[in-house]
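Student: please find the sequence and the predicted model below.
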Amino acid sequence: MSALWLHLRASTARWGFLPLTALGVAVLFGRSRFWIGIWPETGAAAQVSAFFLGIFAAGFAAWIAATVEVRGLHEQAAAAAIRPLTIELTRFTATLAWLLAPYLVVAAIAFVITARAGLPPGVGAFLGYVVLGAVTVVFATAWGWLAGRLLAPLIAAVCAALSWFVVLSVLGDAGQLTVVSGPPWHEVRTGTIGLRLAAVVALAVAVSAIGWRAGRRAAFHRRIGAAVAALVGVIALHLATTVVTHRPPVAKPLCVHGAIEYCLWPEHAKYVPLIQALDRRVAALPLPLPLPERVVDYSLSGSQRWIDLYSSVELPGTFDPEFDISEGSRWGLARGVAAAIVKTVAAGCDPTKPDPAHRWDQLFAWLEWRLAGGGKPDYRTDAPQGLQTAWATGHRIAAEQSEHQQAAWAATLIAETKRRHCRAA
C-alpha cells in the first residue's frame, strides 16, 4: 500500500484530474438534462462522459508508460527485490486511479442530483451503466499502456488517443463500449458487464507483464504477443456480447387515472404531473369525443418482438396505443395521445381510403396542439407538403378560433370525413 501511495503522489496523471473532471461535468450537463430524476437515464448520462475521458486516459497512460522507460527506471526495477510485474502493476494502478477518478466524480454528481429529485425505481440500472463506463476507462488505460510500451512518449500518447477514438467510433456501437441513453425499456445485463470487467483487468495485467524493451528481446516479444492476444480477445468479447437489451413490459406499470388511463414505466414517475396536466386538457376539449380507455408508455404495450436493440417485428393482435415521453416532451406525449384519440374516433373506418384534404390529419394536429398546451412544436418534420399543410391548418384552428368555433369545426370535420372518406372496414 505504501508503494501504491507513493506512485499516486508522484504520478503525472494527477495533473489531469481537475481538467478531466471539468470535461466530464461539462459533458454531463452539456447534452441535455431530462435525465435528472430517472435512474437509468442518469446512469447512461454519466456513462457518456467515459467516451471522452477514455480518449484522454489512453493518451495519458501511453505517455506515462513510455516515459518510465525513457528515463531509464527499468534498471532500478531490475535490481529491486520486488517482482517487476508487481512494480509495473503498481504504476498502472496508480495511473488508472487518477484517470478513473474524474469519471467516478461525474457519476457521484449525477447520483446526488437524481437522488435529490426523488427515489423512483431503477437505481440498479444506474449502477450498471456506471460500471459499463468504468470498463471503458480501464480498457482505454490498458490500450494506452500497451502503446507506451512500444513507442516513444509523444508518439505513443498521440497514437493511443487517436487510435482509441477510432476504436470507439468504429466498434463503439457494435460492441456497446458506450451507449448514448438509458430509457426504461432497455435493461443492463450485469453479468455481461462483470465478464467484460474481468477481461479488461486481465488485459491490464498482460500489458503490465510486458516488461522493458531494454531486456531480453525474445521474452519481450513473447509478452507483447501475449498482450496483443489478450487485446484481441477483449475486442472479440465486446463484439460477441450484448450488455444492453430490450426489456419486456413490466407486470405492474405506474398508471394515472383520469379521462383516460395512462400507464408509464415506473422509472418515469417524474412525468406524472405532465400526464395529469395533459389529462385536464383532454377533459376540457370543447366537444365530446370517444376516447381510448388506456394509453401506455413506449414499448409497454407488448406489440413488438425485438430482434435486437434496433429492429423488431409487429405482433398480431390488439394492443394499447403508445406515446413517447422519453425526453419529457409535452409535444411527444401529446402526439401519442392525439393519435390514439383519432384512431378511436375513426374506429370502423378504412384508414387506407385516400383523402386529399387529409382531414384526419387536421383533426390530429388540432388535438395535438390543444393537448400540448399550445406554443411552437419542439420537433421538425420533412413530411410531404400535403401533411404539413393539414397539420398547419389544425394548429391554426386551435390557436386562433374560439372554443365554440373549434367545436363546430371539429364536429363538421369528423362527420364530413366519415361520410365521404370512410367506409365499413
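Tutor: Right, received. Where do you want to start? Numbering: from 1, shown residues only.
Student: where do the strands sit along the protein?
Tutor: 186-188, 244-246, 254-257, 261-264, 294-297, 304-306, 312-314, 322-323 (DSSP state E).
Student: closest one to residue 156 among the ones you listed?
Tutor: Smallest distance to residue 156 across the strands of the chain (Cβ to Cβ): 32.5 Å, for strand 244-246. Yep, even glycine has a C-beta here, placed from its N, CA and C like the rest.
Student: who's in contact with the residue nearest to residue 114 when sequence neighbours are not counted?
Tutor: Leaving aside its chain neighbours, residue 114 sits nearest to residue 42 (4.3 Å; criterion: Cβ to Cβ, 6 or more residues apart in numbering). For residue 42, the contacting residues are 35-36, 110-111, 113-114, 126, 182, taking Cβ atoms under 8 Å, 6 or more residues apart in numbering as the criterion.
Student: how about the residue lying closest to residue 161 once chain neighbours are set aside, what does it touch?
Tutor: Distances taken as Cβ to Cβ, 6+ apart place residue 59 nearest to residue 161, at 3.6 Å, with adjacent residues excluded. Residue 59 sits next to 144, 157-158, 160-161, 164 when contact means Cβ under 8 Å, 6+ apart.
Student: what is the nearest of these to residue 51?
Tutor: Out of the contacts of residue 59, the member with the shortest distance to residue 51 (by Cβ to Cβ) is residue 164, at 10.0 Å.
Student: separation between the residue nearest to residue 161 and residue 137?
Tutor: Using Cβ to Cβ, to the nearest Å, residue 59 is found at 13 Å from residue 137.
Student: likewise for residue 187?
Tutor: 23 Å.
Student: can you check residue 23 too?
Tutor: 13 Å.
Student: more neighbours, those two?
Tutor: Taking neighbours as other Cβ atoms under 10 Å, residue 23 and residue 137 compare with residue 137 leading, 25 against 19.
Student: correct me, but the more buried one touches residue 97?
Tutor: No. Between residue 137 and residue 97 there is no contact under Cβ atoms under 8 Å: 10.8 Å.
Student: wait, residue 89 sits on residue 201?
Tutor: No. Contact criterion Cβ under 8 Å: residue 89 and residue 201 do not qualify, at 10.6 Å.
Student: between the two, which one's more packed in?
Tutor: The neighbour count for residue 89 versus residue 201, taken as other Cβ under 10 Å, is higher for residue 89 (18 against 14).
Student: can you give me the helices for the stretch 151-300 of the chain?
Tutor: Taking DSSP state H, counting those that start in this stretch to define them, one finds helices in the stretch 151-300 of the chain at 153-171, 190-208, 217-240, 272-283.
Student: correct me, but residue 47 touches residue 179?
Tutor: Yes. Taking Cβ under 8 Å as the definition, residue 47 is a contact partner of residue 179 at 6.7 Å.
Student: list the residues that contact both of the two?
Tutor: Common neighbours of residue 47 and residue 179 (Cβ under 8 Å, 6+ apart) are 129, 132.
Student: so those two - more neighbours on which side?
Tutor: residue 47 (29 against 21).
Student: residues touching the closest residue to that one other than its chain neighbours, list them.
Tutor: Residue nearest to residue 47 in three dimensions, not counting chain neighbours: residue 133, with 3.6 Å by Cβ to Cβ, 6+ apart. Residues counted as contacts of residue 133 (Cβ under 8 Å, 6+ apart) are 46-50, 103, 107, 178.
Student: try it again with 10 Å
Tutor: With contact taken as Cβ atoms under 10 Å, 6 or more residues apart in numbering, residue 133 is in contact with 24, 43-44, 46-51, 53-54, 100, 103-104, 106-107, 177-179.
Student: do the same with residue 147
Tutor: Contacts of residue 147 (Cβ under 10 Å, 6+ apart): 58-59, 61-63, 65-66, 155-161, 163-164, 207.
Student: ok, of those, which come out buried?
Tutor: Buried members of those, scored by 16 or more other Cβ atoms under 10 Å, are 58-59, 61-63, 65-66, 156-157, 159-161, 163-164, 207.
Student: let's see the pLDDT reported for the most centrally placed residue in the chain.
Tutor: Most central in the chain under Cα atoms, centre = their mean is residue 181, positioned 1.2 Å from the mean C-alpha point. Looking at residue 181, its pLDDT is 89.
Student: next one: residue 133
Tutor: 95.
Student: what does residue 266 give?
Tutor: 94.
Student: from residue 252, how far off is it?
Tutor: On the measure of Cβ to Cβ, residue 266 and residue 252 end up 8 Å apart.
Student: what about this protein, any weak spots by pLDDT?
Tutor: Applying pLDDT under 70 to the chain flags the ranges 1, 3, 7, 69-84, 212-219, 351-353, 423-425.
Student: circling back to that earlier point, mind putting the strands of the chain in TSV, mean neighbour count and distance to residue 2 included?
Tutor: Below are the strands of the chain laid out as TSV (neighbours: other Cβ atoms under 10 Å; distance: least, Cβ to Cβ, whole Å):
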stretch	mean neighbour count	distance to residue 2
strand 186-188	21	38
strand 244-246	18	41
strand 254-257	15	52
strand 261-264	22	53
strand 294-297	23	54
strand 304-306	13	52
strand 312-314	10	56
strand 322-323	21	59
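Student: the ones you listed: which one's closest to residue 395?
Tutor: strand 322-323 (18.8 Å).
Student: neighbouring strands for the closest one, and are they parallel or not?
Tutor: Strand 322-323 sits in its sheet next to strand 294-297 (parallel), going by DSSP bridges.
Student: next up, the contacts around the closest residue to residue 269 other than its chain neighbours.
Tutor: Sequence neighbours aside, residue 120 is the residue nearest to residue 269 in space, at 4.2 Å (criterion: Cβ to Cβ, 6+ apart). Residues near residue 120 by Cβ under 10 Å, 6+ apart: 37-40, 114, 184, 254, 265-270.
Student: how many neighbouring residues does residue 273 have?
Tutor: 10.
Student: show me the contacts for it.
Tutor: residue 256.
Student: returning to what we had before: surely the residue nearest to the centre of the chain touches residue 44?
Tutor: Yes. With contact defined as Cβ atoms under 10 Å, residue 181 counts as touching residue 44 (5.3 Å).
Student: returning to that earlier point: how about the residue nearest to residue 269, phi and psi?
Tutor: For residue 120, the backbone dihedrals are phi -70, psi 170 (criterion: degrees, to the nearest 10).
Student: hang on, isn't residue 164 packed against residue 140?
Tutor: Yes. Checked against Cβ under 10 Å, the pair residue 164 and residue 140 is within contact range at 5.4 Å.
Student: good, we can wrap up now.
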